[in-house]
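**Student:** Dropping a prediction and its sequence here:
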Amino acid sequence: MTDRDPELSRVLQGWPHEPAPAPRFNAEVWARIETARAAPWSAAAIIARAFGIPAQHFRWALPLGASIALALAVTAGVGAGLVHINHVRNERMAAAYVRGIDPLQMTTTPQP
Amino acid sequence: MRRTVAFLVLIVAVATGAYGLTYYYGSSRQPEDQWTWLRREFDLNDAQLARLHALQAAYQPVCAGHCRRIMAAQEHLADLAGAGRKNTPEYLATLGEWEAIKRECNAATFKHIEAVAAVMAPAEGRRYLDMMVPRIVSRDHLGPMGMR
């Protein structure tokens, strides 16, 4: 294979090879640019950078502050729900407990 | 400005939704039995729980006896009232008897809850009394047929 084959060289030089463009290449590049430009510190941008996830999946990503605010809202909502349910449960249990040890409550029917 | 308002509305909606879901799933859970609740709420250990079981077992006959006497007095009062004898000495005597049983019953109930509180750690015992005493006192002024 060290001998140069002029015929092969001629065929190779005339071979018209144009690789097909990657699908959505431009869109992905612009999406990534826009995400970084609009919110360089968004949680999505950080995750995308860290894990190499295509930016197209984060086109509607929120800024980091907004993500934290949403997470805090969920935490506050769950926390308030747990506190309330615990209070209601304690009230019910305490009322049932007292009904079980207080003969007056067992035998009298309070008016509404 | 509009985006900020929309975002604040979203935050409130998310927090409310999280609260609602937590409350819904928490409410639909099977309720605890009395002993499990007492143990968890007042941080009782096995020995304390066993002593509470013993106190409850000793108090149960006392409580049942009071129940029987209260119900007998109430039935007697209801019979007299039904027969139109509400202003008779017999009715007033039974009412007096009912009041006496009520006082005796209240004293026994308070003695029991104080004994229960004494089994708990001091802070938990105080919290137990704070939770139970108002519930007993609030029913203290009920009349014989639940009339105030």
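**Tutor:** Thanks, I have the structure now. None of the values given here were measured: they were computed from a predicted structure.

**Student:** burial measure for residue 62, as a count.
**Tutor:** All of this is about chain A. 17 (other CB atoms under 10 Å in any protein chain shown). C-betas here are computed from N, CA, C, even on glycine.

**Student:** Let me rephrase: I mean chain B.
**Tutor:** For residue B:62, the count of nearby residues is 16 (other CB under 10 Å).

**Student:** Could you do residue B:114 as well?
**Tutor:** 14.

**Student:** swap in the one 4 residues further on?
**Tutor:** Burial of residue B:118 is recorded as 13 neighbouring residues (other CB under 10 Å).

**Student:** Please point out which parts of the helix or strand harbouring it sit buried.
**Tutor:** Here residue B:118 sits within helix B:89-119, counting by DSSP states H and E. By neighbour count on 16 or more other CB atoms under 10 Å in any protein chain shown, the buried set for helix B:89-119 is B:91, B:94-95, B:98, B:101-102, B:104-106, B:108-110, B:112-113, B:116-117, B:119.

**Student:** Which element is encountered next along the chain beyond it?
**Tutor:** helix B:122-137.

**Student:** Helices along chain A, start to end?
**Tutor:** A:6-13, A:25-38, A:43-51, A:64-101, A:103-107 (DSSP state H).

**Student:** Kindly present those helices as JSON lines, with separate columns for distance to residue B:36 and mean neighbour count.
**Tutor:** Converted to JSON lines, these look like this (distance: least, CB to CB, whole Å; neighbours: other CB atoms under 10 Å in any protein chain shown):
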{"stretch": "helix A:6-13", "distance to residue B:36": "83", "mean neighbour count": "9"}
{"stretch": "helix A:25-38", "distance to residue B:36": "51", "mean neighbour count": "13"}
{"stretch": "helix A:43-51", "distance to residue B:36": "41", "mean neighbour count": "15"}
{"stretch": "helix A:64-101", "distance to residue B:36": "9", "mean neighbour count": "16"}
{"stretch": "helix A:103-107", "distance to residue B:36": "22", "mean neighbour count": "21"}
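
**Student:** wait, which of these is closest to residue B:10?
**Tutor:** With CB to CB, the closest approach to residue B:10 among those belongs to helix A:64-101: 7.6 Å.

**Student:** Give the closest residue to residue B:80 in space, chain neighbours not counted.
**Tutor:** The shortest distance from residue B:80 to any non-neighbouring residue, by CB to CB, 6 or more residues apart in numbering or on different chains, is to residue B:91 (4.5 Å).

**Student:** can you check residue A:100 too?
**Tutor:** According to CB to CB, 6+ apart, the nearest residue to residue A:100 is residue B:34 (6.9 Å).

**Student:** What's the separation between the one you found and residue A:75?
**Tutor:** Distance, residue B:34 to residue A:75, by CB to CB, to the nearest Å: 32 Å.

**Student:** Around chain B, pick out the residues from chain A.
**Tutor:** Residues of chain A lying close to chain B by CB under 8 Å from any CB of the partner chain are A:66, A:69-70, A:73-78, A:80-82, A:84-85, A:88-90, A:92-98, A:100-111.

**Student:** Quick check: residue B:91 touching residue B:85?
**Tutor:** Yes - Residue B:91 is within contact range of residue B:85, at 5.7 Å (criterion: CB atoms under 8 Å).

**Student:** Please point out which parts of the longest helix along chain B sit buried.
**Tutor:** Across chain B, the longest stretch assigned as helix under DSSP H is helix B:46-82. Residues B:48-49, B:51-52, B:55-56, B:59, B:62-63, B:66-67, B:69-70, B:73-74, B:76-77, B:80 are the ones in helix B:46-82 that count as buried (16+ other CB under 10 Å).
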